[in-house]
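In: Model the following, please.
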Amino acid sequence: MGPVFTVLEPALHILGFTILYGLLHDGTVAGVEYPVFLLIGMVPFLLFRNVALQLMESLEANRALFSYRQIQPFDTFVARVLVEFTLAATVFSMLFLGFLWYGLHITIENPVEWIMAILLGIVFSFGVGCIFAAVAQAMPQAKILMRLSFFPLYFLSSVLFLPSRFPAESMPYLLWNPYFHIVELIREGAIPNYPIAYGVSANFVIRSTLVSLFLGLGLYRARRLAMMRL
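Out: From the prediction side, this is the model:
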């Protein structure tokens, strides 16, 4: 059921929110059909979430491998990122082709900008995942809180609707969320003439990524021997 759920999760999210949105509004957002708008933002966000959370779980899932001296916890982190990226790319390609077959208009306006924004999100999530792994190893009870943290981020990262739907007074706070910037940059690279939210900055994401990597790799360095205990 794992591979099936990997495809069904974004597909069911898109179907459910498309039906709900269609009942409340017209069928287009930012000049594209709402399912296309969702696909472009949702699949990358689910990839970022899975990278962070699967890195947190990779220590326990691969603990038996640490009996081999050449295998380090960092190796399992990198392997998990590659697996999640491959799965997300496969799911996105399947849904992309499915949308084209159904007759929805979907293109990638600026592939280089689009890919760079996704890669930046992956690297940022890798740093977050290293932090989560170190914290979870020291305090296993914290796993539930770290998992739950992505539930509000799902709604606060502009995955489901345009930032203009948020109250104007909330925007200064939303701009502290790196995933908000990343999702907006991804959509700017994919959707022609996308009205990117005021204040979104690639420089902020780069700085946040450097901070997450510094903290994540620093904690990994400090906890790596404890992570390898069988």
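
In: other SSEs contacting the one helix or strand Leu82 maps to?
Out: Under the criterion of DSSP states H and E, Leu82 resides in helix 73-102. Judged by 3 or more CB pairs under 8 Å, 6 or more residues apart in numbering; DSSP states H and E, helix 73-102 is in contact with helix 2-24, helix 34-61, helix 111-138, helix 202-227. For glycine as for every other residue, the C-beta is placed from the backbone atoms N, C-alpha and C.

In: got the ones you listed as JSON lines, with mean pLDDT, mean neighbour count and distance to Phe161 columns?
Out: Shown next, in JSON lines, are the helices and strands packed on helix 73-102 (pLDDT from 0 to 100; neighbours: other CB atoms under 10 Å; distance: least, CB to CB, whole Å):
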{"stretch": "helix 2-24", "mean pLDDT": "68", "mean neighbour count": "13", "distance to Phe161": "8"}
{"stretch": "helix 34-61", "mean pLDDT": "90", "mean neighbour count": "22", "distance to Phe161": "8"}
{"stretch": "helix 111-138", "mean pLDDT": "94", "mean neighbour count": "21", "distance to Phe161": "19"}
{"stretch": "helix 202-227", "mean pLDDT": "92", "mean neighbour count": "16", "distance to Phe161": "21"}
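
In: okay, those helices in a markdown table with distance to Tyr102 next?
Out: Converted to a markdown table, those look like this (distance: least, CB to CB, whole Å):
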| stretch | distance to Tyr102 |
| --- | --- |
| helix 2-24 | 12 |
| helix 34-61 | 9 |
| helix 111-138 | 22 |
| helix 202-227 | 33 |
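
In: what's the closest of those to Val159?
Out: helix 34-61 (4.9 Å; CB to CB).

In: how far away is the residue nearest the centre of the chain from Arg187?
Out: Centroid-nearest residue in the chain, with CA atoms, centre = their mean: Phe48, separated by 2.2 Å. Using CB to CB, to the nearest Å, Phe48 is found at 14 Å from Arg187.
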